[in-house]
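**Q** sequence? don't have it. structure:
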């Protein structure tokens, strides 16, 4: 993908799996800290912590900038197009087309992450024509490993990704799902 021309439409709304994945809006700013300002999100994701009003506005702007660059889409996970319950990401990078997600603590246990991952994977396969989507996650993140297995991803035989985020070292496994 070219970094000068977005391959994503200006607006995206994906429906299926009992979900509506939609663009973040200014109306979501007040709800975002309740979704993202949590120790689990701080530990397992690169989302800034603590996550308050300023971080919410910065995330909304970043979502718009990444979309304009044509590299990444960040969508609110909703059941009806209304209140956001979490976020799902699709990032097109040289190492692969990656999906990521975060579900607000009050909304866990409803299968939202797995359903959002399946819906985003279908978008990547059908609309972007990719052959494989990946998840990069830590083996110790039992919830994400459960989402990966529940959605049909398989652990790939590729090198681990080692790094540091927020002063904490991490080792990521790469899981893949091939186009049906």
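**A** Good, I have the coordinates. Not measured: the values here are computed from a predicted model.

**Q** close enough to count as contact, residue 156 and residue 178?
**A** No: using CB atoms under 8 Å, residue 156 makes no contact with residue 178, being 10.4 Å away. Bear in mind the C-beta positions are built from the backbone N, C-alpha and C, glycine included.

**Q** Residue 78 and residue 19: what is the separation?
**A** Remark: distance between residue 78 and residue 19 (CB to CB, to the nearest Å) = 7 Å.

**Q** same question, residue 36
**A** Relative to residue 19, and taking CB to CB, residue 36 is found at 19 Å.

**Q** what does residue 155 give?
**A** With CB to CB as the criterion, residue 155 and residue 19 are 26 Å apart.

**Q** So the two - more neighbours on which side?
**A** For residue 155 versus residue 19, neighbours defined as other CB atoms under 10 Å are more numerous around residue 19 (23 against 15).

**Q** for that one, what are its contacts?
**A** Counting by CB atoms under 8 Å, 6 or more residues apart in numbering, residue 19 makes contact with 77-79, 112, 115-116, 119.

**Q** at 7 Å what do you get?
**A** Residues near residue 19 by CB atoms under 7 Å, 6 or more residues apart in numbering: 77-79, 115-116, 119.

**Q** Scan the residues you listed and report the most crowded one.
**A** residue 116 (29 neighbours).

**Q** pretty sure that residue contacts residue 88?
**A** Yes: Residue 116 is within contact range of residue 88, at 4.1 Å (criterion: CB atoms under 7 Å).

**Q** Could you look up the next helix or strand downstream of the helix or strand of the chain with the lowest mean pLDDT?
**A** Ranked by mean pLDDT, DSSP states H and E, the weakest helix or strand in the chain is helix 39-44, scoring a mean of 92. Downstream of helix 39-44, the first helix or strand assigned by DSSP states H and E is helix 53-69.

**Q** Buried residues in that following helix, which are they?
**A** Neighbour-count burial for helix 53-69, counted by 16 or more other CB atoms under 10 Å, picks out 55-56, 59-60, 63, 66-67.

**Q** same deal with stretch 135-144?
**A** Counting neighbours by 16+ other CB under 10 Å, stretch 135-144 gives 135-138, 141, 144 as buried.

**Q** is it possible to export the residues you listed to TSV including secondary structure and distance to residue 167?
**A** Compiled in TSV, the buried residues of stretch 135-144 are given as follows (DSSP: H, G, I helix; E, B strand; the rest coil; distance: CB to CB, whole Å):
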residue	secondary structure	distance to residue 167
135	strand	24
136	strand	19
137	strand	19
138	coil	16
141	coil	18
144	helix	21
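
**Q** Take those residues and write them to JSON lines, including pLDDT and distance to residue 151.
**A** Output for the buried residues of stretch 135-144, formatted as JSON lines (pLDDT from 0 to 100; distance: CB to CB, whole Å):
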{"residue": "135", "pLDDT": "97", "distance to residue 151": "8"}
{"residue": "136", "pLDDT": "96", "distance to residue 151": "14"}
{"residue": "137", "pLDDT": "96", "distance to residue 151": "12"}
{"residue": "138", "pLDDT": "96", "distance to residue 151": "17"}
{"residue": "141", "pLDDT": "95", "distance to residue 151": "15"}
{"residue": "144", "pLDDT": "96", "distance to residue 151": "11"}
